[in-house]
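J.: quick one: sequence plus predicted model below, questions after.
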Amino acid sequence: MTGSLLLLISAFTNAQWYERSWNAMGTRIHVEVSDESESHANLLFDQVFREFYRLEESMSSYIDTSEVSIVNQNAAEAPVKVSRELIDLIKKSFQVSKISNGAFDITYASVGRYYDYRKNQAPDESQIEANLDAIDYRHVVVDEKASTISFTHPHVYIDLGGIAKGYAVDRAIDILRQGGVISGMVSAGGDTQLIGNKLGKPWIVGIKDPRREEESAVLLPLENTAISTSGDYERYFIQDGVRYHHIISPKTGRSAGEVQSVTILGPDSTTTDALSTTVFVLGVEKGLELVERLPGIDAIIVDQHRKMHYSSELSTPGE
Ligand code: AMP
Ligand code: MG
């Protein structure tokens, strides 16, 4: 006990707190570390910055030259050779599709691509009808040996927006850990991961109130964990009283309407990012049912009546 306390104190003796923020992947990236050297902290920040840039360049469907865009442009005609990294992330997305009966599905974008939230545009009936069949992750064929991806339906379009930020946070956390960081954090919009604690105390992470974003619906003391929130307030417009937002039900091609936000806690950000989107689509009942089946995963859901629902481990008294 005394030994570990001494170690903790000595680890912080000369350490200072450093932070940096920038924009990438359509959101604000924020990194904090405790480090004994400012130049070392800056070196880590530079590495993390480059990693976010690299992943955005390869995984964004808004960048024409990204691997994902090249897949979208060509995979219906012939297999497209891609990086091992993209194959692995797509395979991970399929796992989430399978356990959720397709609530999480990167081919949502076959219809989702017709939404433009900045221009207040949603797909019309005929666009939904013409492309709804293309939403099915089983239309995406991964050939691991050849490292290729092909589509078995002509209208398939993939988008990794529900999982790529979490993946990037995981890679950033790897960089920090390899650089010796024992206390730090990375956040990318709704996806945050914490290394250790903050100056000997738990980090306090706020979950936004979905209808009063400057306010927190709840504050959580956390250490060494990943936490992701998906909300209907992130990218949306309201028309004729209907909220059109960026989380799409693969069954209907329309914005999922049962809840306002979902927060997932878990061991890594790729998982929590994908699951927050998934549980948002599933809603309270089916969403919590899924979370209860997954060890090490917890959820906090705000429903349409602003009522909060917690998975059983979080709602156990004394936890
Ligand atoms: P998040 O904020 O992590 O919930 O991610 C939302 C993003 O996930 C959207 O902007 C889309 O890029 C993507 N997305 C939307 N609906 C789905 C879905 N049903 N399955 C997978 N990804 C989705
Ligand atoms: Mg997500």
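T.: Thanks, I have it. Ligands and ions are numbered 1, 2, ... in the order given.
J.: how close does the residue nearest the centre of the chain get to E258?
T.: When the chain is reduced to its mean C-alpha position, the closest residue under C-alpha atoms, centre = their mean turns out to be D273, at 2.8 Å. Computed with C-beta to C-beta, to the nearest Å, the distance linking D273 and E258 is 20 Å. C-beta here means a position set from N, CA and C on the backbone, and glycine is covered the same way.
J.: and for S311?
T.: As for S311, its distance to E258 is 16 Å (criterion: C-beta to C-beta).
J.: try F52
T.: Using C-beta to C-beta, which is the criterion applied here, F52 is 32 Å from E258.
J.: and what of A274?
T.: Taking C-beta to C-beta as the criterion, A274 is separated from E258 by 18 Å.
J.: higher neighbour count, these two?
T.: Looking at A274 and E258 with other C-beta atoms under 10 Å, you find the greater number of neighbours at A274, namely 29 against 17.
J.: residue numbers of the stretch 51-200 of the chain in contact with ligand 1?
T.: Counting by C-beta under 6 Å from any ligand atom, the stretch 51-200 of the chain comes close to ligand 1 at 104-106, 108, 112, 159, 161-162, 190.
J.: now do 5 Å
T.: Taking C-beta under 5 Å from any ligand atom as the criterion, the stretch 51-200 of the chain approaches ligand 1 at residues 104-105, 108, 159, 161-162.
J.: residues in a beta bridge with the residue in the stretch 201-319 of the chain that ligand 1 sits nearest to, which ones?
T.: Ranking the residues of the stretch 201-319 of the chain by distance to ligand 1 (C-beta to the nearest ligand atom) places S230 first, at 3.0 Å. Note on S230: beta-bridge partners by DSSP bridges are V262.
J.: so, low pLDDT: which residues of the protein?
T.: For the chain, applying pLDDT under 70 flags the ranges 1-13, 316-319.
J.: 90 - rerun?
T.: Low-confidence segments of the chain, defined by pLDDT under 90: 1-14, 213, 314-319.
J.: for ligand 2, see how far away the closest residue to ligand 1 within the chain is.
T.: Of the residues in the chain, the one nearest ligand 1 is G161, at a distance of 2.1 Å by C-beta to the nearest ligand atom. Noted for G161: a distance of 8 Å to ligand 2, by C-beta to the ion, to the nearest Å.
J.: swap in L176?
T.: Plainly put, L176 is 21 Å away from ligand 2 if you go by C-beta to the ion.
J.: which outside residues touch stretch 143-150?
T.: When contacts are defined by C-beta atoms under 8 Å, 6 or more residues apart in numbering, stretch 143-150 is touched by residues 71, 75-76, 78-84, 86-87, 90, 140-142.
J.: just give me the neighbour total for E144.
T.: When neighbours are counted by other C-beta under 10 Å, E144 registers 10.
J.: now V284
T.: When neighbours are counted by other C-beta under 10 Å, V284 registers 18.
J.: is the helix or strand where it lies anywhere near ligand 2?
T.: Element membership of V284, judged by DSSP states H and E, is helix 269-293. Yes - where contact is defined by C-beta under 5 Å from the ion, part of helix 269-293 touches ligand 2, namely 273, 276-277.
J.: what helices or strands is that helix leaning on?
T.: With contacts defined as 3 or more C-beta pairs under 8 Å, 6 or more residues apart in numbering; DSSP states H and E, the secondary structure elements packing on helix 269-293 are helix 84-99, helix 164-178, strand 191-195, strand 226-231, strand 259-266, strand 298-303.
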